[in-house]
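**Q** 3D, please:
(chains A and B)
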Amino acid sequence: MIDRRLIKNFDWGLLVIILFLAFLGLLILYSALVTSSAELNKALYIRQITWVCIGLVLMTIAFTINYKRLNQWAGLLYVFCILLLIAVLVSGKYVAGSKRWLVLGTLSIQPSEFAKLSIIVILAKYYSSFGNPRGLGFGELLLPLIYTAIPFILIVKQPDLGSALLLGFIAVAMTVFVKIKRKTLISIAAAGFVCTPVAWCLLKEYQQKRILNFLNPDRDPLGAGYHVIQSKIAIGSGMITGKGYLEGTQNALSFLPEQHTDFIFSVLAEEWGFVGGAFFLLLFFIIILKGLKIAHRSQDPFGTMLAVGITAMIFFQVFINVGMVMGLMPVVGAPLPLISYGGSSMFTTMVSLGLLLNISMRRFMFD
Amino acid sequence: MKKYLNSSDSNWYKQRLTGAVFILVAAFCMLLFRLFYLQIVEGEKFRKLSENNRIRLQSIDPPRGLIFDQNGRIMVDNRPSFDLGIILKDARPLEETITKLAGTINVTEEEIREKIANAKSVSPYETILLKPDIGRDLLAAIEVSRFDLPGIVIDVKIRRHYIREKSAAHLIGYLGEINLKELGNYHYDQYKSGDLIGKFGVEKSYEKFLRGKRGGRQVEVNAIGQVYRVLETVEAQPGNNIYLTINHLLQEKAEELLDNRPGAVVAMDPNNGHILAMANSPAFDPNVFVGGLSQKQWQKIISNPFRAMENKAIQAGYPPASIYKIVAAVAGLEEGIIDDTNTIFCPGFYRFGDRDFRCWKKGGHGEVDIYKALAESCDVFFYQLGLKLGVDRLAWYARAFGLGELTGIDLDHEARGLVPTASWKRKRTGIAWQKGETLSVAIGQGYNLTTPLQLLVMVSSIANGGTLYKPQILKQVETAEGNVLLESKPQIIGKLPVSQKNIDIVRKGLWEVVNSGRGTGRIARLKHEEFMSGKTGTAQVVGRKRSESFKESEIPHHFKNHALFVAYAPSESPTIAVTVIVEHGEQGSSTAAPIAQQLIQNYLESIKN
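**A** The predicted structure is shown next:
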């Protein structure tokens, strides 16, 4: 069943980096969890190990089955994710003022994570047959806009501004990659310029406040602002070589739950210093470059677009997450792929990377 | 088209990728530069700040909203409290600090160690409470030796203060530390462990108004943990103030009249459902809950045989006894079984089957019409009426009065009571309804259970001519600045399915209870020109077996009958309705009626002035 060419074309380097990062993630998570009460940690830690293992299985499945089948499943997958997002709004679990989780028995899932991948797949399907050298016009942009707007609005409703924006970025990146007509692009920019202030005025005061706090964490000195300060102290205090594994002190302060989810990079940078932090960024840089290379080498437009979308997703997540913990970016709920605690994010990332491997090894296959 | 994207060698396509790689490199360089800046350029500064975690967050608790009575007399407020605590990470060397502290505050070292050991799960940078609410002397002593006591902190906290101690304790409720279950509830997602929240009564029901919003400050501390610079402050927002419908003078009068006998007194304005007083006895002092209760204190409260923690007015179900005759009378009139001209003869008993059902009056009442039946509470009249109505029709009218249902008052743990029907009994016991049981039900004994509040709603509906109002305890909510946030409006929960004529007949009967020469409530006649109407009740205590017969004077206290009385006044246009229950008070007419009379007298005089 497995063609010898598939094995020959398999990107072993990418797989090694993925495995290495997943292992590194568990190591850092362990350190992040050491400080809080023993009972809780162990449970969280064991759960994350389970997520990684399940993730690896999902990744294997994702590169074994020919990715081209996704082309047929795209619509179904998309509708399924939209239904999940609606279910969250209807019967999701409230955590800290927003509904992001769907509870299924003992399992909580975050459908906004899965929505990212489904939007990539459906846009890849669309653009792989509608892209053209002259660029896309308004008419051709309408459907992708609707595809993106539905999950975007559903996620904003939760509210989870960070995930919604990430979804938007991915869609924009894919669209721009396919090329938009210059005239169309200018019109869109002009319209955005005009509409933004109008839209702003239409928002209610608390909504404006939420967006302002989101953009500028200093406006919220007891919440996001405080986290950023502590995160900057943690990272900065790591200096060149870091304080050493398990020697970090900043996460003793109650960051929870962010220290093991969104702020995990600060634990790493504190303990392993600039050397560790830079090495870590390098690994992600390589993954993303490899993703682009895979997009480039694929002979199949659907494969190209899929690879571009996945690469964009990983890039944005890394960039936004690391930028956020270093105080460069708004505090959004963007997990660091492969590292942050959380099953939904782990599964989505693993499946995405599996698809990259898939596209890579099937790049010469036509069927 | 496919060909176009497929031709990966085309110049345009490569350009796209080059652009992407360029953006990518730029982005990663930016991250790397930032990392370099934080860790190498500013590294030294951040390393220092990270030692001992210099930047910390301190929480500022919001002052909880105050509670007033209807006239703005304060019932619950806040006062400052100085809480002594320790931050372990700053208290170095720990042993020495503990020794010094023990010497200063006159507590043994063991006690301090125990407190610390109990708080193991707390982050080492968080304050462990050692002694709440220390007095001024201790405060001064600690301030003097502040520099010898690293890591010892004094937090100025706001402490709830129930000014009138036991007064209205069951209504107002108390605070307690939030528990794990509550923390998991999204209604409480602004809370953290250690927070005090309303656990009972108004404090619980109106938690969302009273709470306010927590503030906090970002501070920089020095090496021994003392605040040396405040970086940012977000002020706490005080909670909203609450005005109850309670009239605190009436409340205190009711408590005084109860005089520590187990029981309850509830008063309401029959025209809008505003609760004017809700007195319960025995009571507890909510102040002792504020600082946390010791096992011993708790045991003492809950071991009271008369249930000190129970709001009897809404939680306890009593047989309504003769007060239920109001229901039977209305049902009989409305169903056309009797009118105000029918009479029956009461020889002092009613023979049903092979058993004599006795009237409370041994010699009998003679010829009895509906007025006399109510005024003198003739059992025989209602035995016969009940038999004709049947238990299910009686139950239908009882439900129309709101019995067997929650009144919907804004307080937890309200009891539903019980209105028996034939099908209820079959379901419950598997045994068919016996006709003889209808006789007991018709005079309010048997399976009937009602709360004092339900009886109050019922008698109020007679008083106001047929409307059931939801009992309300909240008059209005104001912000701390005094802006009215919410004003409660009367809520109608039902209308009596009874004609005005029949209501008037019952009202006349209830008037005679108090004002006719032989009325069972004649002791409660008002002293002035005004009239009051009412109904007495004497409820047999469940559990007292028929075989156990005692002489009247030898009945053990816990088998003595409950004394009940409901009333409203002035009879023509009532402004107050009252339910009184004295557990084991024996006679409604002699024990409960005078309480209602004095309370109403007091109220009518006070509103006149």
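
**Q** ranges for the strands of the stretch 1-150 of chain B?
**A** Using DSSP state E, counting those that start in this stretch, the strands of the stretch 1-150 of chain B run over B:55-60, B:67-68, B:74-87, B:127-131.

**Q** between those strands, which gets nearest to chain A?
**A** In terms of C-beta to the nearest C-beta, the element of these nearest to chain A is strand B:55-60, at 5.5 Å. Where C-beta positions appear, they are placed from N, C-alpha and C, glycine not excepted.

**Q** can the closest one be said to contact chain A?
**A** Yes: under the criterion of C-beta under 8 Å from any C-beta of the partner chain, chain A is reached by strand B:55-60 at B:Ile55, B:Arg56, B:Leu57.

**Q** picking that back up, tell me the most buried of the strands of the stretch 1-150 of chain B?
**A** strand B:67-68 (a mean of 24; mean count of other C-beta atoms under 10 Å in any protein chain shown).

**Q** give the other helices and strands that that strand contacts.
**A** strand B:74-87, strand B:241-244 (3 or more C-beta pairs under 8 Å, 6 or more residues apart in numbering or on different chains; DSSP states H and E).

**Q** one step back: reformat the strands of the stretch 1-150 of chain B as TSV; add mean pLDDT and distance to B:Glu437.
**A** Formatted as TSV, those follow (pLDDT from 0 to 100; distance: least, C-beta to C-beta, whole Å):
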stretch	mean pLDDT	distance to B:Glu437
strand B:55-60	82	60
strand B:67-68	96	45
strand B:74-87	89	45
strand B:127-131	83	58
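
**Q** which stretch among those strands comes nearest A:Ile186?
**A** Nearest of these to A:Ile186, taken as C-beta to C-beta: strand B:55-60 at 46.7 Å.

**Q** what residue in the stretch 51-200 of chain A comes nearest to chain B?
**A** A:Tyr94 (3.4 Å).

**Q** bridged to that residue, which residues?
**A** A:Tyr94 has these beta-bridge partners by DSSP bridges: A:Lys99.

**Q** surely it meets B:Tyr186?
**A** Yes: assessed by C-beta atoms under 8 Å, A:Tyr94 is found in contact with B:Tyr186 at 3.4 Å.

**Q** related to what we said a few turns ago, could I get the helices and strands packed on strand B:67-68 as TSV with distance to B:Arg211?
**A** Converted to TSV, the helices and strands packed on strand B:67-68 look like this (distance: least, C-beta to C-beta, whole Å):
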stretch	distance to B:Arg211
strand B:74-87	13
strand B:241-244	11
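
**Q** how about these in a markdown table, adding distance to chain A?
**A** Shown next, in a markdown table, are the helices and strands packed on strand B:67-68 (distance: least, C-beta to the nearest C-beta, whole Å):
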| stretch | distance to chain A |
| --- | --- |
| strand B:74-87 | 12 |
| strand B:241-244 | 24 |
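
**Q** check which helix or strand B:Gly332 maps to.
**A** For B:Gly332, the host element (DSSP states H and E) is helix B:325-334.

**Q** packing partners for that helix?
**A** Counting contacts by 3+ C-beta pairs under 8 Å, 6+ apart, helix B:325-334 packs against helix B:370-375, helix B:379-389, helix B:391-400, helix B:452-463, helix B:500-515.

**Q** pick the most deeply packed of the ones you listed.
**A** Of the helices and strands packed on helix B:325-334, the one with the most neighbours on average (mean count of other C-beta under 10 Å) is helix B:452-463, at a mean of 28.

**Q** between the helices and strands packed on strand B:67-68, which one is closest to A:Cys201.
**A** Within the helices and strands packed on strand B:67-68, the stretch nearest A:Cys201 is strand B:241-244; the backing value is 34.8 Å (C-beta to C-beta).

**Q** for the closest one, what is the average pLDDT?
**A** Model confidence over strand B:241-244, given as mean pLDDT, is 96.

**Q** can you check stretch B:300-313 too?
**A** pLDDT averaged over stretch B:300-313 gives 89.

**Q** just send the strands of the stretch 1-150 of chain B back as JSON lines, with distance to B:Gln299 too.
**A** Conversion of the strands of the stretch 1-150 of chain B to JSON lines gives the following (distance: least, C-beta to C-beta, whole Å):
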{"stretch": "strand B:55-60", "distance to B:Gln299": "33"}
{"stretch": "strand B:67-68", "distance to B:Gln299": "28"}
{"stretch": "strand B:74-87", "distance to B:Gln299": "25"}
{"stretch": "strand B:127-131", "distance to B:Gln299": "23"}
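
**Q** element containing the residue lying closest to A:Pro337 once chain neighbours are set aside, please.
**A** Of all residues not flanking A:Pro337 in the chain, A:Thr349 sits nearest, at 4.3 Å (C-beta to C-beta, 6 or more residues apart in numbering or on different chains). Assigned by DSSP H and E, A:Thr349 belongs to helix A:343-361.

**Q** who does that helix touch, helix- and strand-wise?
**A** If you count contacts as 3+ C-beta pairs under 8 Å, 6+ apart, helix A:343-361 packs onto helix A:4-9, helix A:12-34, helix A:38-64, strand A:107-109, helix A:111-130, helix A:264-297, helix A:301-325.

**Q** where does it sit relative to the chain's centre, distance-wise?
**A** Relative to its chain's centre, helix A:343-361 lies at 11 Å (C-alpha atoms, centre = their mean, to the nearest Å).

**Q** quick check: angle from it to helix A:12-34?
**A** Taking axes from the mean of the first three to the mean of the last three C-alpha atoms, to 10 degrees, helix A:343-361 and helix A:12-34 form an angle of 170 degrees between their directions.

**Q** for chain A, which spans come out with low pLDDT?
**A** A:1-2, A:35-41, A:96-97, A:131, A:250-260, A:365-367 (pLDDT under 70).

**Q** residue nearest the centroid of it?
**A** Nearest to the mean C-alpha position of chain A, counting by C-alpha atoms, centre = their mean, stands A:Gln317 at 4.4 Å.

**Q** mind listing what it touches?
**A** By C-beta atoms under 8 Å, 6 or more residues apart in numbering or on different chains, the contact set of A:Gln317 is A:Leu166, A:Ala334, A:Pro335, A:Leu336, A:Pro337.

**Q** check A:Ser31 too.
**A** A:Tyr245, A:Leu246, A:Gly248, A:Asn251, A:Val267, A:Glu271.

**Q** which single one of those residues is nearest to chain B?
**A** A:Gly248 (8.8 Å).

**Q** count the residues that sit near that closest one.
**A** 27 (other C-beta atoms under 10 Å in any protein chain shown).
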